[in-house]
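# after the sequence you'll find the predicted model.
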Amino acid sequence: MKSALVTGANKGIGFEVARILAQQGFFVYLGSRDSSHGLAAVEKLKAEGLTHVLAVQLDVTSQSSVDAAQKIIAGSTEVLDVLVNNAGIGGEFDQSALDTGIDQYQSVFDTNFFGVVRVTQAFIPMMKRSAAPRIVNVSTAMASLSLAADIGNARYPKRYVIYQSSKSALNMYTVQLAYELRDTAFKVNAVCPGWTKTDFTNQQGTSTPEEAGQRIAKYALIGDDGPTAQYFSEEYFPAPANCPW
């Protein structure tokens with residue numbers, strides 16, 4: 001049985017990705033910063049008949065937590081086939097390039113960028129044992145430099161500089177990781193789930209968590225002829241007129 005780890009999997013998009021992978025026959029480890037929330041998510045999946053799931057306490061901002069999670073997962077499987085780096089935060093609104101303090105930058109980057117690096121580096125040895133390893137980093141169209149550079153476009157978000165910067169850094173990390181793994185079976189991609197109705201967006205958006213989960217899971221399930229070092233966004237951006245940005 002193939003195995004997958006999804007970070008931030010106790011709710012929202014991460015939970016839907018975990019559900020889809022479990023439905024596809026994976027044993028899924030649901031990473032959750034809060035153990036009780038992770039256990040509740042697992043019970044929900046088991047109630048649906050998806051029994052090959054396990055909650056793992058995983059705070060991506062803590063190296064000791066990441067290392068502990070790796071030991072737990074390595075204790076039940078030698079191979080990890082899929083890693084979905086989904087855990088992320090937006091930071092406080094409103095974010096100004098001129099006025100927002102460095103402590104807020106550090107907080108968001110610690111989850112959205114450094115957290116991905118921590119988790120990826122911890123699980124790469126297990127993934128190298130897979131015949132078809134897949135890494136999907138959850139990104140956003142808001143990280144696009146070309147879209148952001150159109151400073152006259154009032155519909156493009158300009159007040160999330162920390163969040164956008166962290167995801168732009170994530171996109172570069174995705175490409176560099178794919179480059180270093182280019183002569184292997186790894187497929188490494190970044191995917192925007194779209195503007196999704198979750199707690200992250202205060203339940204506003206044009207996509208459901210189920211739709212967003214499908215967009216992410218698609219690239220966890222690609223075949224050997226699938227893409228790598230790419231960024232994918234299936235939903236139109238800039239945001240629609242009713243977007244709160």
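Structure's in. What do you need?

# give the next helix or strand downstream of the top helix by length along the chain.
For the chain, the longest helix by residue count, based on DSSP state H, is helix 161-180. Using DSSP states H and E, the next helix or strand after helix 161-180 towards the C-terminus is strand 187-192.

# what angle do that next one and helix 161-180 make?
160 degrees (axes from the mean of the first three to the mean of the last three C-alpha atoms, to 10 degrees).

# partner strands of strand 187-192, with direction?
Strand 187-192 has its sheet partners listed here by DSSP bridges as strand 134-138 (parallel), strand 230-233 (parallel).

# ok so, going back, can you list the buried residues in the longest helix of the chain?
Neighbour counts over helix 161-180 (16 or more other C-beta atoms under 10 Å) mark 161-171, 173-175, 177-178 as buried. Glycine gets a C-beta too; all of them are placed from N, C-alpha and C.

# let me see the contact set for Thr198.
Lys11, Gly12, Ile13, Gly205, Pro209, Ala212 (C-beta atoms under 8 Å, 6 or more residues apart in numbering).

# farthest-separated two in these?
Maximum pairwise distance among the contacts of Thr198 (C-beta to C-beta): 14.7 Å, between Lys11 and Gly205.

# how about the CA coordinates for the helix-or-strand element of the chain with minimal mean pLDDT, as CSV?
The helix or strand of the chain with the lowest confidence, counting by mean pLDDT, DSSP states H and E, is helix 145-148 at a mean of 83. Extracted in CSV, the C-alpha atoms of helix 145-148 (Å, rounded to 0.1, in the frame of the first residue of the first chain):
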residue,chain,number,x,y,z
LEU,A,145,5.4,38.3,-9.6
SER,A,146,4.1,39.1,-13.1
LEU,A,147,0.6,39.6,-11.8
ALA,A,148,1.7,41.6,-8.8
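
# quick check: phi and psi on Arg19?
The phi/psi pair for Arg19 (degrees, to the nearest 10) reads phi -60, psi -50.

# what does Glu43 give?
The phi/psi pair for Glu43 (degrees, to the nearest 10) is phi -60, psi -40.

# likewise the one 5 residues further on?
Backbone geometry at Glu48, expressed as degrees, to the nearest 10, gives phi -90, psi 0.

# distance of the spatially closest residue to it that is not a sequence neighbour from Phe113?
Computed as C-beta to C-beta, 6 or more residues apart in numbering, the closest residue to Glu48 that is not its neighbour in sequence is Arg19, at 7.6 Å. For Arg19, the distance to Phe113 (C-beta to C-beta, to the nearest Å) stands at 26 Å.

# the more surrounded of the two?
Set Arg19 next to Phe113 and count neighbours by other C-beta atoms under 10 Å: Arg19 wins out with 24 against 20.

# residues contacting that one?
Taking C-beta under 8 Å, 6+ apart, one finds Leu45, Glu48, Leu50, Gly213 in contact with Arg19.

# the first one - how many residues pack around it?
Which is Leu45. Leu45 sits with 21 neighbouring residues when counted by other C-beta under 10 Å.
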